[in-house]
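Asker: When you get a sec, could you give me coordinates for this:
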Amino acid sequence: MMHACAKNLLQAALKPRNVQAVQWRAASNGKVWNVYLSGEIHSDWREVIANGVKEKNLPVSLSSPNTSHEDSDDCGAIILGMEEKRQNWDKIGANMNNIRTKTLIKEADVVVVRFGEKYRQWNAAFDAGYAAALGKSIITLHPPAISHMLKEVNASASVVCEDASQVVDTLAYVIDGTLPDSPRDGDDF
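Answerer: Modelled structure (predicted):
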């Protein structure tokens, strides 16, 4: 004979999803999730995620590296003064940027790493490796055409997404159990 508590849990799991159950799960947690958005800086994927998180009213705090390429490159020279050799200039800027990156990845609950097709994102690959070494949950985001070259990075990820809306839907599900209204594959599901 099934224990009453187990029976109730089973019945609840088999019930169709309803708004009341989702609201209860979201309200019972109270946690604000820290999500670090690493990677490619030449498209609007961060804004798509930010807007989706806001639209779904998810308890998420988003952070990222400095996304101004020029500021990221030149911060050391601007703050500390010019260097004679570009190699030193780059190293000083990289060290400054590293303070932010290491701190925010350490504080993150989830690290989203975006790889685009146009540029080689060595920083993103490094961030993914660092997050993996810290045991962080990783979501990779990239077009299917570059999946093969990212197979090791994807192997460390909990989820591999093709577009930013999938990241938002993943966060919604992980945080409060909400699934999209319809499956991504539609009737083929």
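Asker: what's Glu55 sitting at in phi/psi?
Answerer: phi -60, psi -40 (degrees, to the nearest 10).
Asker: neighbours of it, just the number please.
Answerer: 10 (other CB atoms under 10 Å). For glycine as for every other residue, the C-beta is placed from the backbone atoms N, C-alpha and C.
Asker: list the contacts for the closest residue in space to Ala164 that isn't next to it in sequence?
Answerer: In space, Ala164 comes closest to Val48 once its chain neighbours are excluded; the distance is 3.8 Å by CB to CB, 6 or more residues apart in numbering. Val48 makes contact with Ala164, Ser165, Val168 under the criterion CB atoms under 8 Å, 6 or more residues apart in numbering.
Asker: May I have the predicted confidence score for the first one?
Answerer: Pointing back at Ala164 there. At Ala164, the pLDDT value in this model is 98.
Asker: same thing with Gly76?
Answerer: pLDDT at Gly76 comes out at 88.
Asker: from now on call the first residue 443
Answerer: Yep, numbering from 443; the last one is Gly518 now.
Asker: In this structure it contacts Ile534, no?
Answerer: Yes: the pair Gly518 and Ile534 qualifies as a contact (CB atoms under 8 Å) at a distance of 3.1 Å.
Asker: Have a look at these two and say which one is more surrounded.
Answerer: Ranked by neighbour count (other CB under 10 Å), Gly518 and Ile534 place Gly518 first, with 21 against 18.
Asker: Relative to Asn565, how far out is the more buried one?
Answerer: 16 Å (CB to CB, to the nearest Å).
Asker: sorry, back to before: joint contacts of Gly518 and Ile534?
Answerer: Contacts common to Gly518 and Ile534, judged by CB under 8 Å, 6+ apart, are Glu525.
Asker: So for this structure, the centremost residue is which one?
Answerer: Note on the chain: the residue nearest the mean C-alpha position is Val554, at 2.2 Å, using CA atoms, centre = their mean.
Asker: Sheet partners, orientation included, of the helix or strand harbouring that one?
Answerer: According to DSSP states H and E, Val554 maps onto strand 552-556. Partner strands for strand 552-556, per DSSP bridges, with pairing direction: strand 475-481 (parallel), strand 579-583 (parallel).
Asker: and Gly494, what is it in contact with?
Answerer: Each residue near Gly494 by CB under 8 Å, 6+ apart is listed here: Ala606, Ser607, Val609, Val610.
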